[in-house]
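Undergrad: Quick one: sequence and predicted model below, then my questions.
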Amino acid sequence: AVVSTQSTGECLVLGCTGAGKSTLLNRLSDSSSSLAVLHPTVGTNVKDIYLSKRKCIRLREVSGSLRQTWPQYIADSRIVIYLVDLENRMQLSTCLVELLKLLSNASLESRPLLLLFNKGLSPVALTQTHVAAIFALPSILQHTSSPIKVLEADLSLDSSIEQISSWMKDMYGVR
């Protein structure tokens, strides 16, 4: 039977190219999905997932190559997940600049944001501690109006997907 669901606002999934946005959407919509090599998303990717039997939310990934358009998607979102690839040292400064732009956007004000440090188990990954220092994360957390949760994850692990799903359920009031 089809269950009627009300619009709860989208979950906007952002991050630089290769951060793991498509993998996150695939894993949240089907936890048994493989971690096949994905090609970078061109444009947007949308998936609806059920947080419970009655609560369906829309995940909207916007390509990292379309960073200049990210602000137009914020107004329709209820929560935002921002991914940072801990393996990609060359992209860290871009990730920081884009995070700061995102946090300074008036439309984001008071919207919960999950700052997801991805690929934390990789032997070449920077540690969350190093990235937090590079980003001056304590200062960012202190000076933003958006509630931010920081999570180090590896999307290949079911436990990471469960932590992300649990945060989303909390944000949407699903018990």
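TA: All right, it came through fine. Numbering: from 1, shown residues only.

Undergrad: For the closest residue to Lys55 other than its chain neighbours, give its distance to Leu24.
TA: Excluding the flanking residues, the one nearest Lys55 by C-beta to C-beta, 6 or more residues apart in numbering is Val174, at 5.1 Å. All C-beta spots, glycine's among them, are computed from the backbone N, C-alpha and C. Distance of Val174 to Leu24, computed by C-beta to C-beta, to the nearest Å: 18 Å.

Undergrad: now swap in Leu155 and tell me
TA: Between Leu155 and Leu24 the computed distance is 6 Å (C-beta to C-beta).

Undergrad: so what sits against both of these two?
TA: Here Leu155 and Leu24 have Asn118 as joint contacts, going by C-beta atoms under 8 Å, 6 or more residues apart in numbering.

Undergrad: now the lengthiest strand in the chain: mean pLDDT?
TA: For the chain, the longest strand by residue count, based on DSSP state E, is strand 77-85. In this model, strand 77-85 has an average pLDDT of 96.

Undergrad: The next helix or strand after that strand - contacts with which helices or strands?
TA: As assigned by DSSP states H and E, the chain's next helix or strand after strand 77-85 is helix 92-104. Helix 92-104 sits against strand 10-15, helix 70-74, strand 77-85, strand 113-118, helix 128-135, helix 137-142, with contacts defined as 3 or more C-beta pairs under 8 Å, 6 or more residues apart in numbering; DSSP states H and E.
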